[in-house]
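A structural model of the following input is requested.
(one chain, ligands or ions: 2)
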Amino acid sequence: MAVSEESQHLLFHSHVAFRTASMPSEVCEVEERKRENIRSLSMCGHVGFESLPDQLVNRSIQQGFCFNILCVGETGIGKSTLINTLFNTNFEEHEASHFCPNVRLRAQTYELQESNVRLKLTIVNTVGFGDQINKEESYQPIVDYIDAQFEAYLQEELKIKRSLFNYHDSRIHVCLYFIAPTGHSLKTLDLLTMKNLDSKVNIIPVIAKADTISSELQKFKIKLMSELVCNGVQIYQFPTDDDTIAKINAAMNEQLPFAVVGSMDEVKVGNKMVKARQYPWGIVQVENENHCDFVKLREMLICTNMEDLQEQTHIRHYELYRRCKLEEMGFTDVGPENKPVSVQETYEAKRHELHGERQRKEEEMKQMFVQRVKEKEAILKEAERELQAKFEHLKRVHQEERLKLEERRRALEEEMIHFSKRKSSCDIFLNQSFMASGSNIKKDKDRKNPNFM
Ligand SMILES: Nc1nc2c(ncn2[C@@H]2O[C@H](COP(=O)(O)OP(=O)(O)O)[C@@H](O)[C@H]2O)c(=O)[nH]1
Ligand SMILES: [Mg+2]
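Ligands and ions are numbered 1, 2, ... in the order given. Prediction:
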């Protein structure tokens, strides 16, 4: 996953009005009091801690607030324009191409200042979202990015020398999910992505380029909400537990998803310059609540609920990540009999478990080694047996061959003796015949010779 992060110092062009954090969290206060047996008492005179909320504000003003927005939506859906319009600033951004081979996240941090309040704003953009043919895994780089920020915070928390006080918190406080103004329904990609993000981040869905859909807008909003509910996608709900903002937040929850229009172009309407999109048939004013929900989004996001978004990120989403991660590492709060377990005990148990595991693995390796040696030995023995059998066979064959040859040699010798015998008898016979024929010839000669006798 490629993520780039840069920092810039910017001033607003005009008023944006983000509300400063003034109320400390009161989550589960009553239950905690009961559990810890805390009694409420009234003091007899002034002590001075009434200024704590102001102290908090002052400290935050000095340090600056940190707010991180993730924009998820297809390339060209209007993410950059809306962010520029929301913060009244031209955040320099290059137009993304539609030919990215995969989804990347690009983070950029800006320092904004309004009056004496400083805001460290990080905008994380999904580059290439929705541009691939196979979009099955498009949500994964987003999930990985969110988890990486949680992990960085957790690592800081777990450090012995931690500096959370001036730590640049990069955890995503809100995800603006840009829905295409189709007028039909959500795309599978939208549902899949939101479903995978809803336990990790506060999702505020917005209908982008709402000026392109007008008459069917209300129907479209209802359809989108029912689809989100049917598919079990949890979107962020503006909190209604604080009386000062409960009414407005409840009303705004009814308006979700906000249909927004973005534009940095200014057009003269009456004698005022207003941000608008101008068409041949008329003007769509960004900040006109009859034209779109841009003002509602800005109010809810920046002025009313910025602190709640940060708080929810910490107490809900980060807490879930932290719990899962620590459980994965073997930490637990209670033992088998529901008895509290200290970190030391968990550490010892884990050490013991890992030691046992290591011994088991070593034993396994040993067994495997012995087994392998045995197998090799058996193979060698088998080969030896085969060789011996072959040798015996060859020896036998050789013996048989030798016997056969011996037999033939004997036969040949006998034949030779027999032949010699026959030859010598033949020779004798020939000699005798020769001798006999010699005497006969002499006799004949003598007979023919007149001088014979
Ligand atoms: N009609 C209409 N066009 C918009 C709106 N917001 C942005 N655009 C136009 O859509 C195009 C892409 O916008 P951009 O903000 O760059 O989209 P991004 O890729 O999602 O960041 C630009 O031409 C914008 O002028 C809107 O609300 N309505
Ligand atoms: Mg952009």
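
where's V229 relative to S185, distance?
V229 is 13 Å from S185, where distance means CB to CB, to the nearest Å. To be clear about C-beta, it is placed using only N, CA and C from the backbone, and glycine gets the same treatment.

these two: which is more packed in?
Between V229 and S185, counting by other CB atoms under 10 Å, S185 is the more crowded of the two (14 against 11).

that one: which element?
Using DSSP states H and E, S185 falls within no helix or strand.

does it touch E227 like I think?
Yes: between S185 and E227 there is a contact at 5.9 Å, judged by CB atoms under 8 Å.

residues in the stretch 201-350 of the chain within reach of ligand 1, list them.
With the criterion set to CB under 6 Å from any ligand atom, the stretch 201-350 of the chain comes near ligand 1 through 209, 211-212, 261-262, 277.

what about the nearest residue to T313 once chain neighbours are set aside, how many neighbours?
Nearest residue to T313 in three dimensions, chain neighbours excluded: H173, at 4.9 Å (CB to CB, 6 or more residues apart in numbering). Using other CB under 10 Å, H173 has 24 neighbouring residues.

got a list of what H173 touches?
Counting by CB atoms under 8 Å, 6 or more residues apart in numbering, H173 makes contact with 67-69, 202, 306, 309-310, 313.

repeat the analysis, applying 6 Å as the threshold.
Going by CB atoms under 6 Å, 6 or more residues apart in numbering, H173 touches 67-68, 309-310, 313.

and it, what's its pLDDT?
With respect to pLDDT, H173 has a value of 95.

where does this protein dip in pLDDT?
For the chain, the stretches flagged by pLDDT under 70 are 1-64, 93, 95, 214, 450-453.

which phi and psi values does Q113 adopt?
Dihedral pair for Q113: phi -140, psi 130, per degrees, to the nearest 10.

from F91, how far out is it?
Distance of Q113 to F91, computed by CB to CB: 15 Å.

who has more neighbours, these two?
F91 (16 against 13).

neighbours around the closest residue to that one other than its chain neighbours, how many?
Nearest non-adjacent residue to F91, counting by CB to CB, 6+ apart: N84, 5.9 Å away. Applying other CB under 10 Å, we find 20 residues neighbouring N84.

wait, isn't N84 in contact with D265?
No: in this structure, N84 is not within contact of D265 by CB atoms under 6 Å, at 10.8 Å.

now the strands for this protein?
3-11, 65-72, 104-114, 117-127, 174-179, 203-207, 258-259, 266-269, 272-279, 282-285 (DSSP state E).

which strands and helices sit next to the third one?
Using 3 or more CB pairs under 6 Å, 6 or more residues apart in numbering; DSSP states H and E, the elements in contact with strand 104-114 are strand 3-11, strand 117-127.

columns distance to L164 and neighbour count on top of the contacts of H173, output as JSON lines?
Shown next, in JSON lines, are the contacts of H173 (distance: CB to CB, whole Å; neighbours: other CB atoms under 10 Å):
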{"residue": "F67", "distance to L164": "17", "neighbour count": "22"}
{"residue": "N68", "distance to L164": "16", "neighbour count": "24"}
{"residue": "L309", "distance to L164": "19", "neighbour count": "25"}
{"residue": "Q310", "distance to L164": "14", "neighbour count": "20"}
{"residue": "T313", "distance to L164": "14", "neighbour count": "24"}
